[in-house]
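Undergrad: Any chance you can model this:
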Amino acid sequence: MNIELRHIRYFLTVAEEKNFTRAAQRLCMSQPPLSMQIRDLEESIGAELFLRTSQGVVLTEVGQAFLAAVEPLQHQLDDAIQLARHVANGEVGQLRLGFTGTSMLNPLIPESIRRYQQQYPKVGLKLEEANSLKLIDYVLEDRLDIAIIRPPRQIHSSLAMQQLLNEALIAAVSVRRDLAHGEQPLQVTCLREHEMILSPRSVSAGLYDAVTDACQQAGFEPKMGQSAPQIVSILSLVAANLGVSMVPESSQQLQIQGVVYRPFAEPVPTVGLAVIYKQHLATQLAINFASILQMVCHQGAKYSSESI
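TA: Here you go, the predicted structure:
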């Protein structure tokens, strides 16, 4: 007979209770089958484990040696079961999180990370910053579990994407330009004659698409000027008066000397922020983080609408 885990569990319960009847009740089984299982275990070992008495049972010398050997196994099994449950619930492990540089400027994203760490303190975070198209590739290649992106017009069918929020776009202009002055919100059409500084679509598809869509809806094609790989580079070129740009509202946290931020009039153009992960292969770690992101962003949007 092969010794199975159930035989170990039966043995440990009888050894603890020192009585077959009480052990059977604890194991939710009748006493005769329990006695038979212990007999099978003893036959497999080739020695008696218990001495039967009128008061119950006591361990033999062999039984005591066997108990000392298998008790740690039970503890290890209990620990393994507990660990498996923690992993299944996404409570331990490492979350590989990607994000775009501009996404972290929105205070709701750092707040989501803070709450996630607070709720899942045993989960480690491995963070990676890249542009949205690279982040999409990294998730597809299983280099990341989840990523926060500026969503492009199309997304790979194997990815699940949850829209987090739409962030207002604002104009970034040089203090030397007439556009920098005035108290009224700008019309998007005011940018028609100015060269637009953006990251190439191959670098920042989501923001590029949002800006070109806003211009087209206003009735013109943007005049593309210099390009830059990151938001700080874009703003630096704006400060040098090489053109203007449209950036997420949260970018105005970046105080670049010589750059003025102006809001747009209604209807205000927006750029999205979304979270992506593998549709059918998402880890529980990723699902938990996406859930917290959705909750924080929903609460943030609700607070913003109530304060208007």
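Undergrad: Do a quick rundown of the helices in the protein.
TA: For the chain, the helices defined by DSSP state H cover 5-17, 20-26, 31-45, 61-88, 108-119, 132-140, 205-217, 231-239, 284-307.
Undergrad: Could I get the CA-only coordinates of the third one as PDB?
TA: Only the C-alpha atoms of helix 31-45 are listed here, as PDB (Å, rounded to 0.1, in the frame of the first residue of the first chain):
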ATOM      1  CA  GLN A  31     -14.800   4.800  13.700                       C
ATOM      2  CA  PRO A  32     -14.500   1.400  11.900                       C
ATOM      3  CA  PRO A  33     -13.100   2.900   8.600                       C
ATOM      4  CA  LEU A  34     -10.600   5.000  10.600                       C
ATOM      5  CA  SER A  35      -9.400   1.900  12.500                       C
ATOM      6  CA  MET A  36      -9.000   0.100   9.100                       C
ATOM      7  CA  GLN A  37      -7.000   3.000   7.600                       C
ATOM      8  CA  ILE A  38      -4.600   3.000  10.600                       C
ATOM      9  CA  ARG A  39      -4.300  -0.800  10.300                       C
ATOM     10  CA  ASP A  40      -3.400  -0.400   6.600                       C
ATOM     11  CA  LEU A  41      -0.800   2.200   7.600                       C
ATOM     12  CA  GLU A  42       0.700  -0.100  10.200                       C
ATOM     13  CA  GLU A  43       0.900  -3.000   7.700                       C
ATOM     14  CA  SER A  44       2.600  -0.700   5.200                       C
ATOM     15  CA  ILE A  45       5.200   0.300   7.800                       C
END
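Undergrad: Which neighbouring elements make contact with it?
TA: helix 5-17, helix 20-26 (3 or more Cβ pairs under 8 Å, 6 or more residues apart in numbering; DSSP states H and E). Quick note: C-beta positions are derived from backbone N, CA and C, even for glycine.
Undergrad: Among those helices, which comes closest to Ile276?
TA: Nearest to Ile276 among these is helix 5-17 (41.0 Å), distances taken as Cβ to Cβ.
Undergrad: buried set for that closest one?
TA: Buried residues in helix 5-17, counted by 16 or more other Cβ atoms under 10 Å: His7, Ile8, Tyr10, Phe11, Leu12, Thr13, Val14, Ala15, Glu17.
Undergrad: can you check stretch 107-123 too?
TA: Buried positions in stretch 107-123, judged by neighbour count with 16+ other Cβ under 10 Å: Leu108, Ile109, Glu111, Ser112, Ile113, Tyr116, Tyr120, Val123.
Undergrad: Output the residues you listed as TSV; include the columns pLDDT.
TA: Conversion of the buried residues of stretch 107-123 to TSV gives the following (pLDDT from 0 to 100):
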residue	pLDDT
Leu108	92
Ile109	93
Glu111	94
Ser112	95
Ile113	95
Tyr116	95
Tyr120	94
Val123	94
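Undergrad: Name all residues that make contact with Val123.
TA: With contact set as Cβ atoms under 8 Å, 6 or more residues apart in numbering, Val123 has these partners: Gly90, Glu91, Val92, Gly93, Gln94, Leu95, Tyr116, Gln117, Leu285.
Undergrad: what about 10 Å?
TA: His86, Gly90, Glu91, Val92, Gly93, Gln94, Leu95, Tyr116, Gln117, Leu285, Asn288, Phe289 (Cβ atoms under 10 Å, 6 or more residues apart in numbering).
Undergrad: So the third one sits against Tyr116, correct?
TA: No: with contact defined as Cβ atoms under 10 Å, Glu91 and Tyr116 do not form a contacting pair (11.6 Å).
Undergrad: which stretch among the helices of the chain comes nearest Arg150?
TA: Arg150 lies closest to helix 205-217 among the helices of the chain, at 2.7 Å (Cβ to Cβ).
Undergrad: re the thing from before, go through the helices of the chain and find the least confident stretch.
TA: For the helices of the chain, mean pLDDT drops lowest on helix 284-307, to a mean of 78.
Undergrad: Buried residues of it, list them for me.
TA: So helix 284-307, judged by 16+ other Cβ under 10 Å, has buried residues Leu285, Ala286, Asn288, Phe289, Ala290, Ser291, Ile292, Leu293, Gln294, Val296, Cys297, Gly300.
Undergrad: Skipping its backbone neighbours, what lies nearest Leu207 in space?
TA: Arg150 (5.1 Å; Cβ to Cβ, 6 or more residues apart in numbering).
Undergrad: now the one you found: how far from Arg143?
TA: According to Cβ to Cβ, to the nearest Å, Arg150 stands 19 Å off from Arg143.
Undergrad: Can you pick out the residue with more neighbours from these two?
TA: The residue with more neighbours, out of Arg150 and Arg143, is Arg150; 24 against 14, by other Cβ atoms under 10 Å.
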